[in-house]
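# Structure of the sequence below:
(2 chains)
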2 protein chains.
Amino acid sequence: MTTPQLVEQIKKKKSFLCIGLDVDLDKIPKYLLEFDDPIFEFNKQIIDATHHLVVAYKPNIAFYEAYGIRGWQSLHKTIDYLNQTHPEIFTIADAKRGDIGNTSTQYAKAFFEDLNFNAITVAPYMGRDSVEPFLAFKGKFAIMLALTSNIGGLDFQTLEFNNEQLYETVLKKSLTWKNSQNLMFVVGATRPEFFETIRKIVPNHFLLVPGIGAQGGNLQEVCKYGLNKNIGLLINSSRGIIYASNGKDFAQKANQKAFELQQEMQEIIEN
Amino acid sequence: MTTPQLVEQIKKKKSFLCIGLDVDLDKIPKYLLEFDDPIFEFNKQIIDATHHLVVAYKPNIAFYEAYGIRGWQSLHKTIDYLNQTHPEIFTIADAKRGDIGNTSTQYAKAFFEDLNFNAITVAPYMGRDSVEPFLAFKGKFAIMLALTSNIGGLDFQTLEFNNEQLYETVLKKSLTWKNSQNLMFVVGATRPEFFETIRKIVPNHFLLVPGIGAQGGNLQEVCKYGLNKNIGLLINSSRGIIYASNGKDFAQKANQKAFELQQEMQEIIEN
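From the prediction side, this is the model:
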C-alpha cells in the first residue's frame, strides 16, 4: 500500500482509527472457546463489525506467539481474512523487531512476504543497519519506536545530550537512512506535550499513536499538534474496543466504541 | 537453570562457547532439503557433533519466523530435542523482544513456558516495564542488548550525555530493576575496547558476546577485560561454525571449528 492510498482511505471513511487485535483467551467471551480457532473467530467478528470505521488493524504479535504454533495459525488466518475481504485496510504487525542486517531481512520476509502485512513496528536501539532492511520493500512500511506510551518510555528515550533528547536524535538520524520515506513512527498518546517538537522534525511522516483509552491518552490533545496536511496519524485503541464487553454482544459493543471514536475523528477532520 | 549450574558446566567442559543456530535453507547442504524437516535435521546433526564442546545454543528466531509455521515447528523440535538430550545446556532464544508490560509477559510465556528456553534476548529502548516481566521467571534469564556488534550499534548506543554513553546508562539503570540478578547483557566482540568500562559497571553478570568469526571479533581481546571470577562470558559463533562446510561433512567441520574455539578457551581458562 502507498501513502496516498492510505490517505484516500482516511478521507473516505473520515477515520484514522486503528484497532489493536491483542487477543487474550482469558478475556474473550467464554462461548468462543468452543470454536476450532477461538482467536480467529474473535478477530473475524471484530473485523466484520468495525471494518467500515477503521483504516488499520494492528495485531500485537506477542499475543499470538504466546499460544505457540496454534497462535501463529490464528494470526495467519486473521491476516489472510483481512487481505481477502478488506484489501484496502492497512495492516500492521506490532512486533517491535530489530536485529543485525541479514537477520532483520529475515524478519522483513516473515512479515511482509509470508504474512503479507503492510507494515511492521521496529525498535531503534541497534541503529541504521537494523532498520534499513525493512525499508527496502516497496509499498511496505517500518514503524519505528520513537517515544512510547509506557512508564519505562521515560527511562532512556528522553535522556538529553547536546540539547536534544534521545527520541529526537532517533527521529533525526532515521531521516538520513535509505528509503526513509517508508518510515512511520510510534509516539504514545500519553505524551501529547511532545507532539509539537516531533512534528517539527517529521512534519510529513505518519505517526502510529497507541495509548488512547485504557492507557489514558486523549485524542483531542494528540490531534492538536499531531495532525498534518494528510492527517498523518493512526490512532490505535485495543482493549477499550475489543474488550468493551465479554458477552455475546462483544462485536456489537466494539462497533459502538469504534463508532464513538470515528465520530470524534470525523469532527476533527471536518473542522 | 541457575548461574552456578551454568558456571559448573563451563568448568567441566572447559568451554564458554555458544553456537548460534541461524539456519538458512539457502546455505545448508543441498541433500538435507530432501528430509521432512531440513532445519531440524541440520540442527540435530550440529548438536550431535558439538554438544560436548559448548555450554549454550542460541537459535536466532528471525531465521525460523522467516519460514512461517513450518519454521516454528522446526524451532519447537530443536528446543525439545535439546531439552531431552542435553538438559544441562543453556538455551537462548535470540529474539530481541520488548514491549509494554502486559505484552512482554506474553513474550516471556511464549519463550520460557511454551518453548522452554532458559533465556531470551531483549531490547532496552522501552525501559524498565518492558524488561522486568522477563525477570520475574525463576531460573530464567533476560539477556539485554547493551552494546551490539553491528555498525549501527554506534548510532545511538554510544551517544554521550552527563559524561556517560547511552549503553552505560542502560547497564546502570537495569541494575536497579526488580530481579536484576536474572539479567545478562549482549556486548559485541567487535568492541573489545569497551569491555573494561562494562566490567566496572557489571562485574558479576554474564555477557553474551556475538561477533567472533564472521563479524571479525577477537577472542583474546574480549577475554582480556571481559572475564570475571565465574568466567562470565558466553562467546557466540554462528556462521563460522555451522557453515564451515556446505557438503555432507558439515557436522564434522562444525565439530572441528567448535573444537578449535574450545581449545582456545581451555587455554584461557587454565591460565
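# Can you read off the backbone torsions of the closest residue to residue A:269 other than its chain neighbours?
Excluding the flanking residues, the one nearest residue A:269 by C-beta to C-beta, 6 or more residues apart in numbering or on different chains is residue A:14, at 5.4 Å. Bear in mind the C-beta positions are built from the backbone N, C-alpha and C, glycine included. Backbone torsions of residue A:14, given as degrees, to the nearest 10, read phi 50, psi 50.
# again, but for residue A:142
phi -110, psi 120.
# That one and chain B: what is the separation?
Distance of residue A:142 to chain B, given as C-beta to the nearest C-beta, to the nearest Å: 14 Å.
# Just list whatever residues bridge to that residue.
residue A:120, residue A:183 (DSSP bridges).
# tell me the pLDDT at the residue nearest to the spatial centre of chain A?
With distances taken as C-alpha atoms, centre = their mean, residue A:58 lies nearest the centre of chain A, 4.9 Å away. On the pLDDT scale, residue A:58 is placed at 98.
# That one: what's its closest spatial neighbour, skipping adjacent residues?
residue A:92 (4.1 Å).
# name the element the one you found belongs to?
Using DSSP states H and E, residue A:92 maps to strand A:90-97.
# Next: residue A:252.
Taking DSSP H and E as the definition, residue A:252 sits inside helix A:250-270.
# hang on, the earlier thing: pull the CA atoms of the strand holding residue A:92 into CSV?
Extracted in CSV, the C-alpha atoms of strand A:90-97 (Å, rounded to 0.1, in the frame of the first residue of the first chain):
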residue,chain,number,x,y,z
PHE,A,90,-3.7,-1.0,6.3
THR,A,91,-2.3,-3.9,8.4
ILE,A,92,0.4,-3.5,11.0
ALA,A,93,2.3,-6.4,12.6
ASP,A,94,3.1,-4.9,16.0
ALA,A,95,6.3,-7.0,16.5
LYS,A,96,8.9,-4.4,17.6
ARG,A,97,11.6,-6.4,15.7
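# how far does it sit from the chain's center?
6 Å (C-alpha atoms, centre = their mean, to the nearest Å).
# Pull up the residues of the stretch 101-250 of chain A that are close to chain B.
Proximity of the stretch 101-250 of chain A to chain B, by C-beta under 8 Å from any C-beta of the partner chain, involves residues A:101, A:103-104, A:106-107, A:109-110, A:114-115, A:123-131, A:145, A:148-157, A:159-162, A:166, A:169-170, A:173.
# filter the residues you listed to the buried ones?
The neighbour count (16 or more other C-beta atoms under 10 Å in any protein chain shown) marks A:101, A:103-104, A:106-107, A:109-110, A:114-115, A:123-131, A:145, A:148-150, A:152-153, A:155-157, A:159, A:166, A:169-170, A:173 as buried among those.
# Tell me which of the residues of the stretch 101-250 of chain A next to chain B fall in helices.
A:101, A:103-104, A:106-107, A:128-131, A:153-156, A:166, A:169-170, A:173 (DSSP state H).
# which stretches of chain A have low pLDDT?
A:214 (pLDDT under 70).
# Against chain B, how distant is the residue nearest to residue A:269?
Residue A:14 is 29 Å from chain B, by C-beta to the nearest C-beta.
# Please give me every residue in contact with that residue.
By C-beta atoms under 8 Å, 6 or more residues apart in numbering or on different chains, the contact set of residue A:14 is A:262, A:265, A:266, A:269, A:270.
# Over to residue A:265?
Neighbours of residue A:265 in contact, by C-beta under 8 Å, 6+ apart: A:14, A:15, A:16, A:17, A:219, A:235.
# what does residue A:128 give?
A:173, A:177, B:151, B:152, B:155.
# thought the third one was touching residue A:127?
Yes: at 7.3 Å, residue B:151 and residue A:127 qualify as touching, with contact defined as C-beta atoms under 8 Å.
# And the residue in the stretch 1-150 of chain A positioned nearest to chain B, how close does it get to residue B:201?
Using C-beta to the nearest C-beta, the closest approach of the stretch 1-150 of chain A to chain B is made by residue A:127 at 2.5 Å. Counting by C-beta to C-beta, to the nearest Å, the gap from residue A:127 to residue B:201 is 21 Å.
# so when I look at residue A:57, I'm seeing a strand, right?
Yes: Residue A:57 forms part of a strand when assessed by DSSP: H, G, I helix; E, B strand; the rest coil.
# any idea where the strands of the stretch 1-150 of chain A begin and end?
A:17-20, A:56-58, A:90-97, A:119-122, A:141-147 (DSSP state E, counting those that start in this stretch).
# for the shortest one, packing partners?
This means strand A:56-58. strand A:17-20, strand A:90-97, strand A:233-237 (3 or more C-beta pairs under 8 Å, 6 or more residues apart in numbering or on different chains; DSSP states H and E).
# change it to 7 Å
strand A:17-20, strand A:90-97 (3 or more C-beta pairs under 7 Å, 6 or more residues apart in numbering or on different chains; DSSP states H and E).
# Also the third one?
Using 3+ C-beta pairs under 7 Å, 6+ apart as the contact definition, the elements that strand A:90-97 packs against are strand A:56-58, helix A:61-65, strand A:119-122.
# make it 6 Å
Secondary-structure packing of strand A:90-97 (3 or more C-beta pairs under 6 Å, 6 or more residues apart in numbering or on different chains; DSSP states H and E): strand A:56-58, strand A:119-122.
# Identify the residues contacting that strand?
A:1, A:6, A:55-58, A:60-61, A:82, A:107, A:111, A:117-123, B:99 (C-beta atoms under 6 Å, 6 or more residues apart in numbering or on different chains).
# repeat for the last one
Counting by C-beta under 6 Å, 6+ apart, the neighbours of strand A:141-147 from elsewhere in the structure are A:119, A:121-124, A:131, A:134-135, A:157, A:167, A:170-171, A:182-188, A:191, A:194, A:208, B:125.
# make it 7 Å
A:92, A:96, A:118-124, A:131, A:134-135, A:153, A:157, A:167, A:170-171, A:174, A:182-188, A:191, A:194, A:208, B:125-126 (C-beta atoms under 7 Å, 6 or more residues apart in numbering or on different chains).
# cool, the second one as well?
With C-beta under 7 Å, 6+ apart as the test, strand A:56-58 has contacts from A:18-21, A:47, A:82, A:89-92, A:94, A:234, A:236.
# Turn the residues you listed into TSV, columns for distance to residue B:78 and neighbour count.
Converted to TSV, the contacts of strand A:56-58 look like this (distance: C-beta to C-beta, whole Å; neighbours: other C-beta atoms under 10 Å in any protein chain shown):
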residue	distance to residue B:78	neighbour count
A:18	35	26
A:19	35	28
A:20	31	23
A:21	29	27
A:47	35	21
A:82	31	23
A:89	36	21
A:90	35	24
A:91	30	24
A:92	30	25
A:94	26	26
A:234	37	25
A:236	35	28
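# Dump those into TSV; add distance to residue B:223 as well.
Formatted as TSV, the contacts of strand A:56-58 follow (distance: C-beta to C-beta, whole Å):
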residue	distance to residue B:223
A:18	49
A:19	51
A:20	46
A:21	47
A:47	55
A:82	51
A:89	53
A:90	49
A:91	47
A:92	43
A:94	40
A:234	48
A:236	46
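# What is the nearest of those residues to residue B:40?
Nearest to residue B:40 among the contacts of strand A:56-58: residue A:94, at 29.1 Å, using C-beta to C-beta.
# What number of residues are in the vicinity of the closest residue to residue A:71 other than its chain neighbours?
Once flanking residues are discounted, residue A:71 sits nearest to residue A:64: 3.9 Å by C-beta to C-beta, 6+ apart. Other residues near residue A:64 come to 25 when the count uses other C-beta atoms under 10 Å in any protein chain shown.
# Could you report the separation of residue A:94 from residue A:208?
When distance is defined by C-beta to C-beta, residue A:94 is 9 Å away from residue A:208.
# ok, now which ones touch the nearest residue to residue A:9 once chain neighbours are set aside?
Nearest in space to residue A:9, with sequence neighbours left out and distances taken as C-beta to C-beta, 6+ apart, is residue A:55 at 4.9 Å. With contacts defined as C-beta under 7 Å, 6+ apart, the neighbours of residue A:55 are A:6, A:9, A:10, A:13, A:15, A:16, A:17, A:18, A:89, A:90, A:234.
# make it 6 Å
A:9, A:10, A:15, A:90.
# Many thanks, have a good one.
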